[in-house]
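Undergrad: what shape does this take:
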Amino acid sequence: MKKAVVTDHGIKRTKSKLGISKKLADKNAQKALAFGITHAEAKNGLKKFLDKLYLSNGAANNVRVYHHYVYLFHGSTLITIINLPRNLCKLSDQIQKQKENGCDKA
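TA: Next up, the predicted model:
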């Protein structure tokens, strides 16, 4: 897997959303890239939300959901982070748990 790179805007968003330092922004982006829920792994409302987000943001071509945040990457470069809507957090947690356990079925 490619190493995540964080833009200046990505660093600002990481600090404002997650409250972590500039030094940890790269490490956090790498974890999101490696362990986050991909578009292919998403389902139901989460998949629809990611579709809409992907279509509305022309620069992002790699979207990950990680710990109730949506990370928008261009390749392996973090562009920005947005909050995951609250109504999708439970579904996100379920998918993440299945991914960690290696299960493919819902």
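Undergrad: please count neighbours and contacts with C-alpha atoms only from this point.
TA: Will do.
Undergrad: would you map the strands across the chain?
TA: Remark: strands assigned in the chain by DSSP state E are 5-6, 62-66, 69-74, 77-83.
Undergrad: quick one: which of these is nearest S92?
TA: Smallest distance to S92 across these (C-alpha to C-alpha): 7.5 Å, for strand 62-66.
Undergrad: okay, the strands of the chain in CSV with mean neighbour count, distance to L33 and mean pLDDT next?
TA: Listed next are these as CSV, based on neighbours: other C-alpha atoms under 10 Å; distance: least, C-alpha to C-alpha, whole Å; pLDDT from 0 to 100:
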stretch, mean neighbour count, distance to L33, mean pLDDT
strand 5-6, 22, 10, 92
strand 62-66, 23, 7, 94
strand 69-74, 22, 8, 94
strand 77-83, 20, 9, 93
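Undergrad: including distance to A29, could the ones you listed go into CSV?
TA: CSV is the format used below for the strands of the chain (distance: least, C-alpha to C-alpha, whole Å):
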stretch, distance to A29
strand 5-6, 7
strand 62-66, 10
strand 69-74, 8
strand 77-83, 7
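Undergrad: would you map the helices across the chain?
TA: Taking DSSP state H as the test, the helices found in the chain are 8-18, 22-35, 44-56, 89-101.
Undergrad: got those as a markdown table, with mean pLDDT and mean neighbour count columns?
TA: Shown next, in a markdown table, are the helices of the chain (pLDDT from 0 to 100; neighbours: other C-alpha atoms under 10 Å):
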| stretch | mean pLDDT | mean neighbour count |
| --- | --- | --- |
| helix 8-18 | 92 | 17 |
| helix 22-35 | 92 | 18 |
| helix 44-56 | 89 | 14 |
| helix 89-101 | 91 | 15 |
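Undergrad: my guess is L50 contacts T38, does it?
TA: No: applying C-alpha atoms under 8 Å, one finds L50 not in contact with T38, separated by 9.3 Å.
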